[in-house]
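>>> Quick one, fold the following:
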Amino acid sequence: MSRRFASARESLSVLDMFKIGVGPSSSHTLGPWRAAQRFVAGLDLERELKSLRVCLYGSLAKTGKGHGTDLAIMMGLTGADPVSFPTDRLAETVKAIRQQKEIRLNDEVSLSFDPESCILFCPAESLPEHPNGMRFEVQYKDGDEYQAVYFSIGGGFVSRQDELGVSAVDFVELPYPINTAADLTRWCRETGLSIAGVVEKNELAWREASETRRAVLKIWQTMYECLYRGCHTDGELPGDLQVTRRAPAFNRRLLDNDLDYTIETWRDAIRNSGTGFSHALDWLSCFALAVNEENAAFGRVVTAPTNGAAGVIPAVLWYLLVFEQEQPDDDVIMQFLLTASEIGCLFKKRATISAAMGGCQAEIGVSSAMAAAGLTACRGGSVEQVTMAAEIAMEHHLGLTCDPVGGLVQIPCIERNAMGAVKAVTASQLALFGDPAKAKVSLDAVISTMWQTAADMSDKYKETSEAGLAVNIPISLSEC
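Model (predicted):
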């Protein structure tokens, strides 16, 4: 198995773990989009170009069509920003490139480009360094050639071939360096700070506290808008599976079809819609489905820590704000997301958040652990209870495979977000009623176990659509 692309000295910010982008996949859509942007930025566009070709390998080739990898490559080559580009213009932009067989690199230079022949899917080949490899090749009219190989290593992180073995992000000296859960617990004990408090101090190495706060609250606003859209957009998801969106029907049923509210008053409508555990559980599932149905439809989402697992954290946080808080509180949102991000960082550094490397345990499992930690912190849990909740959530996702039907982030991915959210809430409950001093499994132990499990897992179960549900549903559905 290839090595993980994490470093014991890697410095990761909350803004590295939570990235605003476009669905359906952080590794197969957002990563290739960013790689294409980086490649074009390295070209000399003042010289005349003759041709450009992109070759996709391994998991990118096997499931890239269902994930929209070719679409992402084209958008990245144009210089479009996945954070701000209007998602309702994606289809028309790609359609124009296909019809005109021409692309404007970085929106500056036009080049003959037929996606059918210039973006090659090579499923029989895999680059040795990582299953999500892509090679960009360009020829200048004077005969010179230039190429670069990039790897999409999960969560929207991208590494060029010559960067492997080096941190995927710049190293920054932090006041409280954290490489293990034991480090995190020690710093909290020594400083008297919560996990979120330690993270806030570390974030000062990148930016002012007020800037971090604005950015994190913008992340939540993006999550919430995605949640709302997902609960109010009917229809079928893209692709040949013809999956019907379910969140809008959930939303209508739970509100007894009383839809006289706005995005600002939706919370009150939910709070007034009923009581009881079953009712809250229905809403929790609805929230998670909504986000990942938007993700599957190439909507704007936040990697948390990936696009395929984007629904768990916003679902659990919105569940907290609706059912356990009298009023939405920005401080609660900050505590939840800062705590969750640090747990995600531990998995990124010491294991992986890429399904192509570790199966779905690396995506849904990690997101569930992050959500459990954030929820437990906001419920008043101790640092030890927070890490215990993260451990419990991951422990019960160990071995979860990634077997997307038809290479689409729909079956079983969307429902898995609902299950991950439910497990996060359950893990928090267990941790708050538990005694961490008597716990038999530490968070560090479960992270190591997840990585060892990933190493033992057959590559067929790592986002290839070559095993599991992908080959055991009616063949008419899987031929996408």
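
>>> Give me the neighbour count for the residue nearest to residue 365 when sequence neighbours are not counted.
By the measure of CB to CB, 6 or more residues apart in numbering, the closest residue to residue 365 outside its immediate chain neighbours is residue 397, 3.2 Å from it. C-beta here means a position set from N, CA and C on the backbone, and glycine is covered the same way. Counted with other CB atoms under 10 Å, residues neighbouring residue 397 total 24.

>>> was I right about residue 397 contacting residue 371?
No: shown here, residue 397 and residue 371 do not form a contact pair, counting by CB atoms under 8 Å, at 11.7 Å.

>>> which residues do those two both contact?
residue 420 (CB atoms under 8 Å, 6 or more residues apart in numbering).

>>> re the thing from before, let me see the backbone angles for the residue nearest to residue 365.
Per-residue torsions, residue 397: phi -120, psi 0 (degrees, to the nearest 10).

>>> Before we move on, what's the pLDDT of it?
For residue 397, the pLDDT comes out at 98.

>>> contacting residues around the residue with the shortest distance to the centre of the chain?
The residue lying closest to the centre of the chain (CA atoms, centre = their mean) is residue 306, at 1.1 Å. Counting by CB under 8 Å, 6+ apart, residue 306 touches 25-27, 154-156, 353-355, 363, 366-367.

>>> Skip the chain neighbours and tell me the closest residue to it.
The shortest distance from residue 306 to any non-neighbouring residue, by CB to CB, 6+ apart, is to residue 26 (4.3 Å).

>>> How many neighbouring residues does the one you found have?
If you count neighbours by other CB under 10 Å, residue 26 ends up with 35.

>>> Please verify my assumption that it contacts residue 158.
No: using CB under 8 Å as the test, residue 26 is too far from residue 158 to be in contact (10.4 Å).

>>> tell me the contacts of residue 135?
Residue 135 neighbours (CB under 8 Å, 6+ apart): 54-55, 57, 147-149.

>>> Tell me which of those residues fall in strands.
Residues of those located in strands (DSSP state E): 54-55, 57, 147-149.

>>> Neighbour-wise, give me the winner out of these.
residue 54 (26 neighbours).

>>> thinking again about what came up before, take the ones in strands among the contacts of residue 135 and lay them out in TSV including distance to residue 392.
Shown next, in TSV, are the ones in strands among the contacts of residue 135 (distance: CB to CB, whole Å):
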residue	distance to residue 392
54	42
55	42
57	37
147	46
148	42
149	39
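
>>> Let me have those in CSV, adding pLDDT and distance to residue 113 as columns.
Compiled in CSV, the ones in strands among the contacts of residue 135 are given as follows (pLDDT from 0 to 100; distance: CB to CB, whole Å):
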residue, pLDDT, distance to residue 113
54, 97, 10
55, 97, 14
57, 96, 20
147, 94, 16
148, 96, 17
149, 96, 20
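
>>> Do a quick rundown of the strands in the stretch 1-150 of the chain.
When assigned using DSSP state E, counting those that start in this stretch, the strands of the stretch 1-150 of the chain occupy the ranges 19-22, 49-57, 102-105, 109-112, 119-122, 133-140, 145-154.

>>> Give me the residue ranges of this structure where confidence is low.
Low-confidence segments of the chain (pLDDT under 70): 1-9, 165-170, 474-480.

>>> ok, residue 246 to residue 415 distance?
As judged by CB to CB, to the nearest Å, residue 246 and residue 415 stand 9 Å apart.

>>> typo on my end, residue 399
Residue 399 is 18 Å from residue 415, where distance means CB to CB.

>>> and if you look at residue 318?
Applying CB to CB to residue 318 and residue 415 gives a distance of 18 Å.

>>> So these two - more neighbours on which side?
Each of residue 318 and residue 415 has its neighbours counted (other CB under 10 Å); residue 318 has more, 27 against 15.

>>> For the more buried one, which non-adjacent residue is spatially closest?
Excluding its sequence neighbours, the residue lying closest to residue 318 (CB to CB, 6+ apart) is residue 287, at 5.2 Å.

>>> What ranges does the stretch 51-200 of the chain have for its helices?
Counting by DSSP state H, counting those that start in this stretch, the segments of the stretch 51-200 of the chain that form helices are 58-67, 69-78, 90-100, 115-118, 181-191, 195-203.
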